[in-house]
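Asks: sequence first, then the predicted structure, then my questions.
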Amino acid sequence: MKATGRATLGFRRTALTGAVLATALGGGAILVACNAGGQDGAADGPARLSVADSYIPLPPAGGMAAGYLTVRNDGGQDQLVKVASPGAESVTMHRSTPSSMEQIGSLDVPAHGALQFTRGGTHLMIMGWQKAPALGDELELDLTFAKSGTISVRVPVKELTYRPGQS
Ligand SMILES: [Cu+2]
């Protein structure tokens, strides 16, 4: 089942009832407030997602930018199926290959694991900025998951050489 956005999520929320489904949908929608108390250990239970270490290295003027983040999952398996931004024309998921990079349609978020975007590996490609990015800016990214619906995060623009964990 694919959730294609907020509208779809809203429909499912009203159309479906039951404690398990409510938990599944709520788990994704309440990103940061998500806390312990769920069904830990169930690989097929609801995903419990949170996003950490997000950043966008400041791109050269006019250029496209890469974006990096980590999706943590304290619950069952899910899948990142779409990324969009109100501040950019297109956001795509890419994987670096030895010679170039290729676009990916979806990415797995393993149960009780994490999906990591890292330099030299899987990354987000952000093109068509509405406003040229500057250090300290934040760009909203809307991450849509197959089971958890859409999670919106504000991703800071950092120095080109920035890596998470350094200030
Ligand atoms: Cu790329």
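Replies: Great, that's in hand.
Asks: stretch 61-69 and the ion, any residue contact?
Replies: No. Stretch 61-69 does not reach the ion (CB under 5 Å from the ion); its nearest approach is 6.3 Å. Yep, even glycine has a C-beta here, placed from its N, CA and C like the rest.
Asks: would you mind listing the outside residues contacting that stretch?
Replies: Here stretch 61-69 makes contact (CB atoms under 8 Å, 6 or more residues apart in numbering) with 51-59, 91, 117-119, 123-127, 129, 132-133, 139, 141, 153, 155, 157, 164.
Asks: out of those, which are buried?
Replies: When these are checked for burial by 16 or more other CB atoms under 10 Å, the buried set is 51, 54-59, 91, 117, 123-126, 129, 133, 139, 141, 153, 155, 157.
Asks: which of the contacts of stretch 61-69 are close to the ion?
Replies: Among those, the residues within reach of the ion (CB under 5 Å from the ion) are Met125.
Asks: strands - which of the contacts of stretch 61-69 land there?
Replies: Of the contacts of stretch 61-69, the ones assigned to strands by DSSP state E are 51-57, 91, 123-127, 129, 139, 141, 153, 155, 157.
Asks: which element is Gly75 on?
Replies: Of the helices and strands defined by DSSP states H and E, none includes Gly75.
Asks: so how far is the ion from it?
Replies: Going from Gly75 to the ion by CB to the ion, to the nearest Å gives 29 Å.
Asks: now that residue. Nearest residue, chain neighbours left out?
Replies: Of all residues not flanking Gly75 in the chain, Arg48 sits nearest, at 3.5 Å (CB to CB, 6 or more residues apart in numbering).
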